[in-house]
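Student: Give me coordinates for this.
(chains A and B)
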Amino acid sequence: MLVLKNVRKNFWDLKAVDNISFEIKDGEIVSLIGSNGAGKTTLVNLISGYLKPDSGTIFFEDRDISQEAPYTRIHLGIGRSFQIINLFENLSVLDNVRTPLFSKYGFIRRWLLPAGRYEKITAEALAILENFHLTDMKDSFPKELSEGDRKILDIAVAFALKSKLLLLDEPTSGVATHDKFKVMDSIIAAIKKEGVSTMVIEHDMDIVSGYSDRVLVMHEGRLIADGRPEEVMENKEVKAFIFGITEEGHAAEN
Amino acid sequence: MAKRIPWAVYALLFILLLLVPQGVSLHNLMLFEYGLAFAIAGLGFNLLLGYTGLLSFGHGAYFAAGAYTVAMISRYLPDWYALEIVIPAALFFSFIVALLFGFLCVRHTKVFFSILTMALSMVLFSLLFKLYALTGGSDGVRIPLPSLFGFSFEGMRRPEFLQGVYYYFLVIFFAAGFLVMKGIVNSPFGKALQSIRDNEVRAELIGVRVRRYRLYAFCISGLFTGLGGALWSFINGHVTPELSHWVFSGEVVYMVLLGGFGTFEGPIIGAILFTFLKLYAMSYTQYWMFVIGGTFIVLVMVLPNGLAGAAVSLWQKIKPARSR
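Tutor: This is a model prediction of the structure:
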């Protein structure tokens, strides 16, 4: 589905992404972890098209998309959500999901019939809301939702584009601890139901190990580990750089 | 946005609108007609402000484009001076001006957008002002009574014309404009514009081409404002370059804020109220600008969502159970 080959991105002297190669297969849920400044968001920006690589190639479904605009990549099927909740605050919950569907099906230029008359699309939007357990709130505005539900809605919006690959930047940031698993359960259940490939940037290791098929670990722009969660947790470099645990099993001073 | 008003209420209001000439004096009817013409412009203006999130300080330019199209046809093409020709022509030329100006303006947002729209409208003002031979300069152009489908109103006094057939002509255009704009804001296209207003980064991410859609909104907005200008010119009987001046554009902003840009009906209420407020203030005191300025300050501080916005909030407080 997604293949990165020797991708590099420098910001002046800083190697933000340094010669990274990996692959995400169909339906796979991959977590991307790393300390602050490791280059995770830069990598997501390179895949979604907000940044262009200095060198290397990004393939999506065997097509070289390295130089394609974000707009083209969205239409090819790469959707993303942001760390900060990004919703249409004055549109109803239903319209937050229905508008991307109009866009996806090319109805967005239709200007005379009310949105509600597009029954198939409305039904599809309601099905997505049902999938994310948001049906009861369809007529509410996002600001009336709890933080956890806002986060779920944010992902439902990305989901509504029928993306084949979803890039989720810290889907549980800002969500109360006791709600995090509820939010992730909701998101992952919906994703698995549709078989969407997903790359999740996450800090919470319980979430990473609980929901991912594979974990990628970045440190100072490099990919230092790639494997199943339990393998990666045992990796020496990961232990040292990410968890700050030294050979002797003590937490490093820094 | 406000909760929906049932269509039966709109139908009733339309019938009341048709009955207005029976119940009010000629003076008030004329003021009401001015208000309706401004209301059409206000609907257009609000597509940009309320639904796309762009505050234009240059909408006088499109109003002037519509009004001056009427003036130029009456002056240079008298054989073509019929309502059924000048209205489509005014729509066309205001659309062209909006397309040209919009192409430059939609590259910017917020205050930069506002200033650019204002600057461009002042360019048009200067042209209308300086090209004396063509536009009559500061003297402006008189607007004679037009014909309609071969029926000439020559010899008729303007008040009779305004009280009779023209009022219904205006109401039909107002109703049509209302329905079309209502369709636009509730359509998928309208939702795309609202997504841009709320969050342009996310709008781009759901596949809305933000700049292009802003331009579409700008052109439709200009078209409606131009229609308002053209219909206004027959009521006023005279057009001057001041229509494209930023002060006039400011009045359009005032009307929409008075009614409330967060509701669909707000600009209509604002336009009609403003017309009465201004004219009555002018007839009572030479310091009428204080009245306008003072009400504006009160409005911004006490009713930031305008009169319609305040009415909606009040309604939701009274009927919380029904609105959920």
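Student: only C-alpha atoms for contact and neighbour calcs from this point on.
Tutor: Will do.
Student: buried ones in stretch B:127-147?
Tutor: For stretch B:127-147, the neighbour count (16 or more other CA atoms under 10 Å in any protein chain shown) marks B:127-129, B:135-137, B:140-147 as buried.
Student: Adding pLDDT, secondary structure and distance to residue A:48, write those residues out as JSON lines.
Tutor: Rendered in JSON lines, the data for these read as follows (pLDDT from 0 to 100; DSSP: H, G, I helix; E, B strand; the rest coil; distance: CA to CA, whole Å):
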{"residue": "B:127", "pLDDT": "97", "secondary structure": "helix", "distance to residue A:48": "47"}
{"residue": "B:128", "pLDDT": "97", "secondary structure": "helix", "distance to residue A:48": "49"}
{"residue": "B:129", "pLDDT": "97", "secondary structure": "helix", "distance to residue A:48": "51"}
{"residue": "B:135", "pLDDT": "94", "secondary structure": "helix", "distance to residue A:48": "53"}
{"residue": "B:136", "pLDDT": "93", "secondary structure": "coil", "distance to residue A:48": "56"}
{"residue": "B:137", "pLDDT": "94", "secondary structure": "helix", "distance to residue A:48": "55"}
{"residue": "B:140", "pLDDT": "95", "secondary structure": "coil", "distance to residue A:48": "55"}
{"residue": "B:141", "pLDDT": "96", "secondary structure": "strand", "distance to residue A:48": "56"}
{"residue": "B:142", "pLDDT": "96", "secondary structure": "strand", "distance to residue A:48": "58"}
{"residue": "B:143", "pLDDT": "96", "secondary structure": "coil", "distance to residue A:48": "57"}
{"residue": "B:144", "pLDDT": "95", "secondary structure": "coil", "distance to residue A:48": "60"}
{"residue": "B:145", "pLDDT": "95", "secondary structure": "coil", "distance to residue A:48": "60"}
{"residue": "B:146", "pLDDT": "94", "secondary structure": "coil", "distance to residue A:48": "58"}
{"residue": "B:147", "pLDDT": "92", "secondary structure": "strand", "distance to residue A:48": "59"}
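Student: would CSV of those with distance to chain A be doable?
Tutor: Listed next are these as CSV, based on distance: CA to the nearest CA, whole Å:
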residue, distance to chain A
B:127, 35
B:128, 34
B:129, 37
B:135, 36
B:136, 39
B:137, 39
B:140, 37
B:141, 36
B:142, 37
B:143, 34
B:144, 35
B:145, 34
B:146, 31
B:147, 31
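Student: need the helices for the stretch 101-250 of chain A, in chain order.
Tutor: A:119-131, A:147-159, A:177-194, A:205-211, A:229-234, A:236-241 (DSSP state H, counting those that start in this stretch).
Student: Nearest to residue B:276, out of these?
Tutor: helix A:119-131 (43.2 Å; CA to CA).
Student: and that closest one with helix A:177-194, angle?
Tutor: Taking axes from the mean of the first three to the mean of the last three CA atoms, to 10 degrees, helix A:119-131 and helix A:177-194 form an angle of 130 degrees between their directions.
Student: In helix A:119-131, which residues are buried?
Tutor: In terms of neighbour count (16+ other CA under 10 Å), helix A:119-131 has its buried residues at A:121-122, A:125-126, A:128-129, A:131.
Student: Can you tell me which one of those residues sits lowest on pLDDT?
Tutor: The member of those with the lowest pLDDT is residue A:131, at 88.
Student: mind listing what that residue touches?
Tutor: Residues counted as contacts of residue A:131 (CA atoms under 8 Å, 6 or more residues apart in numbering or on different chains) are A:186, A:190.
Student: and it, how far is that from chain B?
Tutor: Spatial separation of residue A:131 from chain B under the definition CA to the nearest CA, to the nearest Å is 19 Å.
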